Structures are given as structure tokens and as C-alpha cells.
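Novice: Got a predicted structure plus its sequence, pasted below:
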Amino acid sequence: MKRTTGQDRAVTRNWRPATRAVRGGTWRSEHGETSEALFVTSGYTYPDAETVAARFAGDAEGMTYSRLQNPTVAMLEERIALMEGAEACRAQATGMAAMTTALLCQLSAGDHVVAARAAFGSCRWLVDSLFPRFGITSTTIDARDNAAWEGAVRPNTKVFFFETPANPTMDVVDLGFVCGLARSRGITTVVDNAFATAALQRPMEFGADVVAYSATKLMDGQGRVLAGAVCGSEAFINDVLLPFQRNTGPNLSPFNAWVVLKGLETLPLRVAQHNANALKVGAFLEGRVPRMLHPGLASHPRHALAMKQMDGPGAIFAFEVAGREQAFALLDALELIDISNNIGDARSLMCHSASSTHAGLSAEARAEMGVTEGLLRINVGLEDADDLIEDLDRALIRAGL
Ligand SMILES: *Cc1c(COP(=O)(O)O)cnc(C)c1O
């Protein structure tokens, strides 16, 4: 196995995004395969006993065991790091494995975390239900409020944790401000960048320390596999994250890594079309529903900030109808758009957050986050936007909205 493209960092650093997505981290075997090889192996053999000792001592390059390294997974990690502009990346089994690893690898009993209250349901569960069992305290805040971040910092605050745009309310966090504040206080920022991906937003350009992904979403892009990744500095990945990961084992399977590698090749292309479709569908819905939450539309309270931080609005937005009854009626009247709680798929998918992704939270927590009974989230896919608009138009009429 040889790195055939991307050997010279001085060159790869200048590659433009589309080139990084297709070429980043390509290694080739002696067969010279064009498409990345899939190494479905848990173990490795050695030419002699000395080599085993040298690899385990870290004195020689080479694989030892797939919980520690795997060539297909390593290719994915190099490609994601390059696309992110990060020094290093480690792939994880799922997005939640990525969040858990990124946080627990650096937190200890007695530490304090400031987290955005609007977040993916399982991310909130980590903060609200898991951390207290290990003596980690937290403050959850309205992450749109810069003063709230400052007000929540304590002497033992170790980590800021948030996503932007946030799931499902599309809250946009001021990356430059929050990352700058963290830097000035010696706090590590962990940003969940699943909604945007590196194709639209690179939090490290704004001073973020760690970027964590559900690669299940837009990075795979076709709804096939669960996958995750954590990006950071070489020091963070090698000294803080790897000891945790290698011994707890939240690793990504080579097959899933290979699927995501293939997905990344078309990420910039797909995201550009998702952006255009989501804008067109959003503009249509804006005139038809009481409330839109779409960072690409001028009606979003942080539209200007979103467009400063992001290269486009992404595939996902939310909107409100009067209540649960109207939301369910609209979902049930759809012909083309599927009812599904997944996102980042080429297919358009819609779900009622309060009864699905955020059903595990208390009614108070949902209310505080803005997950109302009338809130619907849509992942605008790669179908023709006019077919999606016709489907929504017909469904709104059928549902009497
Ligand atoms: C889906 C998602 C996750 C969890 O990812 P999985 O791959 O499903 O484990 C975390 N954060 C956000 C913002 C997500 O959308």
C-alpha cells in the first residue's frame, strides 16, 4: 500500500475542495486499482518477529490490528482531514460514537461543559443523562445568545459543545465569537458539523478545536451506512483521542468506510444541488406555512451570519404548521416525499421531530428548544425541485392547510 496521491502536504494543501473530495487520501496496492480497495480484515501478518516488535513499539509503519489501523479506514480519515483543513481525523462507528468519543476522551469527573440546548436528541442525552453519572456537570444555554456563553463559563469549564445549524430548529451559532471566547479561556470547542459538512462550513477556520461528524448523513449521502468522524489537531487526536478510542473500540468497519469514501467523491456536487433544491422548496413553502426556519432565507433571524459562515444553506430546514394534528395530516398526504427521520439522503424525507428524533426528551426540554408540536423537518433531496413543490402543494391542499 502506497499513498499515490496526497503524499506532499505542501501540494495537497493547495488542492481545491472538489479535488480533495475525489483524490484525498488515496493509497494504492501493487495492483494499481483506480477505486480505493476494501480491506475486510481484522488482523495482519508480519514478515518476521522483529517487524512485530518494531510496529508495536511505534518504530516502524504498518498495520497491527483493525481496532488500531485499517487501510480503507485510514484512506477515509485522510480524505476527511484534508476536506476539513484539519491536521488529523479518526473515523468512528456512528455519529454518536464520534460525539461520545470526542467528549469523553477529554472529560473527567469534576469538569464542566457548556452545551447548546438545541441539539440532536442523543447529544442532549449525553449531556443531560450520561455526564452526571460520571461527575461531569453541564449548563445548557440558548446558543444563539453570545452573552449566554460568557455567562455560563465557570473556572472548571473544559468544553463548549454545539451544532450549527442545530437540529431541528436551525439555530445558527456565531462560530467566530464562541470559538474565540473558548480560546481566550482555555476551553476546547467541539462542533457537531453534520448538517453542513466541510463542503459548506469549516468550523476550524473560525477557531474550533474539534469537529465531530455523523458521516451517516450528507457524507454518505445516499442513506446506506452509519459512520462518524472526529477531526482535530495532531496533538489532540494522537494524545487525547487515540488512547481512548484504541482501548474502548468505537471503530468504523472497513466496509462502511469504503461506502463513505465513495460518497465523499460527490459531496461538493451533491451539496450544491441540495442547496439549490432546498432554497427553491423553502421559497415555495414560505408563502404557505405560518413559520419558516431556513438559514438560506432572509426571514431567518441569523440569515446574514449563516451565509457568512456557510457556503450555502444545506439540504435541511424546518417549518411550523398549527399543531400535531396538522403536521401529521400533511405527512400522511405526501406522495413523493417519504416520512423518515433520516437526513442527508438523496431522497427527500420529512419528519415530525417532537414524536420522533426528540421524543426521548421531556416536554419541557422540547419547549425550551423550540421543538413545537407543529414543527416539521425536511431533508430536501436530489429529485427535481418542481416535483417536490408539486407534492407539497398537493399535500397542503389535501390536508386542508
Ligand atoms: C444524525 C446526527 C447525529 C448522530 O449520528 P448517527 O450517525 O445517527 O449516530 C449527531 N448529530 C447530528 C446533528 C445528527 O444529525
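Specialist: Ah, there it is.
Novice: Scan this structure for its longest strand.
Specialist: Taking DSSP state E as the criterion, the chain has its longest strand at strand 157-163.
Novice: Not counting its own residues, what contacts it?
Specialist: Residues from elsewhere that reach strand 157-163, judged by C-beta atoms under 8 Å, 6 or more residues apart in numbering: 103, 106-107, 111-116, 119-120, 123, 127, 143, 149, 173, 178, 181-182, 185, 187-195. Every residue, glycine included, has its C-beta placed from N, CA and C.
Novice: Against which helices or strands is the helix or strand harbouring Thr189 packed?
Specialist: According to DSSP states H and E, Thr189 maps onto strand 188-192. For strand 188-192, the packing partners by 3 or more C-beta pairs under 8 Å, 6 or more residues apart in numbering; DSSP states H and E come out as helix 95-104, strand 157-163, helix 175-185, strand 210-214.
Novice: Let's have the ones you listed in CSV, adding distance to Arg28, mean neighbour count and mean pLDDT.
Specialist: Conversion of the helices and strands packed on strand 188-192 to CSV gives the following (distance: least, C-beta to C-beta, whole Å; neighbours: other C-beta atoms under 10 Å; pLDDT from 0 to 100):
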stretch, distance to Arg28, mean neighbour count, mean pLDDT
helix 95-104, 28, 25, 98
strand 157-163, 36, 23, 98
helix 175-185, 37, 18, 98
strand 210-214, 26, 29, 98
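Novice: Take the ones you listed and write them to a markdown table, including distance to the ligand.
Specialist: Supplementary listing: the helices and strands packed on strand 188-192 in a markdown table, determined by distance: least, C-beta to the nearest ligand atom, whole Å:
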| stretch | distance to the ligand |
| --- | --- |
| helix 95-104 | 2 |
| strand 157-163 | 5 |
| helix 175-185 | 15 |
| strand 210-214 | 3 |
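Novice: Can you report how many residues neighbour the closest residue in space to Ala365 that isn't next to it in sequence?
Specialist: Sequence neighbours aside, Arg124 is the residue nearest to Ala365 in space, at 7.0 Å (criterion: C-beta to C-beta, 6 or more residues apart in numbering). Residues within reach of Arg124, counting by other C-beta atoms under 10 Å, total 20.
Novice: Tell me, how many residues neighbour Ala18?
Specialist: The local packing of Ala18 (other C-beta under 10 Å) involves 14 other residues.
Novice: I figured it hits Thr266, correct?
Specialist: No - applying C-beta atoms under 8 Å as the test, Ala18 and Thr266 come out as separate, 9.6 Å apart.
Novice: ok so, going back, got a list of what the residue nearest to Ala365 touches?
Specialist: 115, 117, 140, 361, 365.
Novice: Show me which of the residues you listed is closest to the ligand.
Specialist: Ala115 (12.5 Å; C-beta to the nearest ligand atom).
Novice: quick revisit: what helix or strand is the residue nearest to Ala365 on?
Specialist: helix 121-125.
Novice: now that helix, how far from the chain's geometric center?
Specialist: The chain centre lies 14 Å from the centre of helix 121-125; the measure is C-alpha atoms, centre = their mean, to the nearest Å.
Novice: Just the buried residues of it, please?
Specialist: 121-124 (16 or more other C-beta atoms under 10 Å).
Novice: contacts with the ligand among the residues you listed, please.
Specialist: Residues of the buried residues of helix 121-125 in contact with the ligand (C-beta under 6 Å from any ligand atom): Cys123.
Novice: Could you pull out the buried residues of stretch 12-31?
Specialist: Within stretch 12-31, the residues that count as buried by 16+ other C-beta under 10 Å are 12, 15, 17, 20-28.
Novice: Would you check which pair of those residues lies furthest apart?
Specialist: By the measure C-beta to C-beta, Pro17 and Arg28 form the most distant pair in the buried residues of stretch 12-31, at 22.6 Å.
Novice: hmm, back to that, rounded mean pLDDT for the helix holding Arg124, please.
Specialist: What helix 121-125 shows for mean pLDDT is 92.
Novice: Beyond that helix, next helix or strand please.
Specialist: Taking DSSP H and E, what comes next after helix 121-125 is strand 137-141.
Novice: Can you give the contact residues for that next one?
Specialist: Contacts for strand 137-141 (C-beta under 8 Å, 6+ apart): 111-117, 124, 127-128, 131, 148-149, 151-152, 154.
Novice: can you do 7 Å?
Specialist: Residues from elsewhere that reach strand 137-141, judged by C-beta atoms under 7 Å, 6 or more residues apart in numbering: 112-117, 127, 131, 148-149, 152.
Novice: again with stretch 301-319
Specialist: In this structure, residues lying in contact with stretch 301-319 by C-beta under 7 Å, 6+ apart are 144, 165, 168-170, 172, 174-175, 195-196, 200-201, 206, 218, 271, 274-275, 278-279, 282, 285, 289, 291-297, 300, 343-344, 375-380.
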